[in-house]
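# this is a predicted model, with the sequence first.
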Amino acid sequence: MNFSYFDDLLFQGNSRTEKKESHNEMLSYMINLEWYRTFKTIYDAGTLTGAAEELFMTQPGVSQQLNALETYVGKKLFRRSPRRMIPTEYAKILYTEVNESIDKLDGVESFFIQTTFNMGPTIHIGAPHAFFFNYFSRKIHLIKPNVTIKFGPMTQLLQDLENGKLHLLITTKKIESVHIIYEELLKETLLLVASPMLDRSRFGFLIYQNKLEEAEAWLAEQTWYSYSRNMAIINKFWQRNFRKKPKFVPKYVIPDLNIITQALQFGKGLSLIPDYICKQALDNGHVKAVWKGNNPVKNSLYLATSKNNPYTKEVDELKKIFRNL
């Protein structure tokens, strides 16, 4: 490609050497943008393999770009462990600085690709991973528009909906906003579920005798699987039924309720799982229902949309599909 005309416009008065050096600097900057995109994808995916799949690259190619960026900034960005890429403190700072900019760049790129190929609108949907896995994944083939699914912390997904980055959100939380409309989709009930191999007879007897203090003590002695280290789900159930905080620490913390449900099949433990997530495992006898609690914990899942949504027709069709799940 001949850059002479553009060089003359951009670098009038500069020598040929100065123009060449400036052009090389611009080219280096353009390449570095791809390094930052690769860095962000590794950070989000947690593994080189996951980043390679997301970027449609080979794993060695991803590693090469990461090494180039680490050389460029003069800092190690990740500590490599057998299962994950663990970000360094410098990586956390760098991610905070580049995350929003890369997202905006991706948004511009998506817009121009969509415009160029006339592919129609792409509907961006946020959802809890467990809900998508257990319900929506079986119906996604019914959707006519292009769809991008986003998982993540619900607080962030709600912000994305309010800021126009999402068009539809399945959420268990609400925020006060004049821009968001909520419609109840379904109710979930927390169930105390156990491994089939765990002897639950003692607990059942204590509940029948209404000896809640002894029943609570029995539960505290068991092996627990929790979604998070802060035990938010367990705490809520304990406060509702025992009027206190639990006095145990979960042995296994797994941030995926489907994996917890599956893991319970092979050990002798307990967990609290929303009923719609563990329904199939209960029906198949892979886990056993132990107790709903004397005061069951119920939550609502909502369909949330923005009043400023530009794709009202497409989103309304999607809402119909969700209502028939």
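Noted; the coordinates are in hand. Since we're looking at a predicted model, the values are computed, not measured.
# if I look at Pro82, how far off is Thr47?
When distance is defined by C-beta to C-beta, to the nearest Å, Pro82 is 10 Å away from Thr47. Using the backbone N, CA and C atoms, a C-beta is placed for each residue, glycine as well.
# wait, Ser271
Ser271 sits 26 Å away from Thr47, taking C-beta to C-beta as the criterion.
# between Pro82 and Thr47, who's got more neighbours?
Here Pro82 and Thr47 are set side by side on neighbour count (other C-beta atoms under 10 Å), and the busier one is Thr47, at 16 against 4.
# what segments of the chain are strands?
Along the chain, the segments classed as strands by DSSP state E run 78-80, 85-87, 122-126, 146-150, 168-171, 180-194, 223-226, 252-253, 269-274, 288-291, 298-306.
# for Leu158, which of those strands is the nearest?
Distance to Leu158, taken as C-beta to C-beta, is lowest for strand 168-171 among the strands of the chain, at 6.4 Å.
# and that closest one, what's its mean pLDDT?
Here strand 168-171 scores 92 as its mean pLDDT.
# helices or strands up against it?
With contacts defined as 3 or more C-beta pairs under 8 Å, 6 or more residues apart in numbering; DSSP states H and E, the secondary structure elements packing on strand 168-171 are strand 122-126, helix 154-162, strand 298-306, helix 312-323.
# mind doing that once more with 7 Å?
Counting by 3 or more C-beta pairs under 7 Å, 6 or more residues apart in numbering; DSSP states H and E, the packing neighbours recorded for strand 168-171 are strand 122-126, helix 154-162, strand 298-306.
# in TSV: those, plus mean neighbour count, mean pLDDT and distance to Asn67.
Converted to TSV, the helices and strands packed on strand 168-171 look like this (neighbours: other C-beta atoms under 10 Å; pLDDT from 0 to 100; distance: least, C-beta to C-beta, whole Å):
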stretch	mean neighbour count	mean pLDDT	distance to Asn67
strand 122-126	21	90	33
helix 154-162	18	88	30
strand 298-306	19	91	41
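# would a markdown table of those with distance to Pro196 be doable?
Output for the helices and strands packed on strand 168-171, formatted as a markdown table (distance: least, C-beta to C-beta, whole Å):
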| stretch | distance to Pro196 |
| --- | --- |
| strand 122-126 | 35 |
| helix 154-162 | 32 |
| strand 298-306 | 26 |
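# for Gly61, find the nearest of these.
Nearest to Gly61, of all the helices and strands packed on strand 168-171, is strand 122-126, at 26.3 Å by C-beta to C-beta.
# Ser177: neighbouring residues, count only.
Counted by other C-beta under 10 Å, the residues lying close to Ser177 total 15.
# surely it and Glu162 touch.
Yes: the pair Ser177 and Glu162 qualifies as a contact (C-beta atoms under 7 Å) at a distance of 5.5 Å.
# contact partners for the closest residue to Tyr276 other than its chain neighbours?
Across the structure, with C-beta to C-beta, 6 or more residues apart in numbering as the measure, the residue nearest Tyr276 apart from its sequence neighbours is Glu188 (5.5 Å). Contacts for Glu188 were tallied using C-beta atoms under 7 Å, 6 or more residues apart in numbering; they are 274-276, 298-299, 301.
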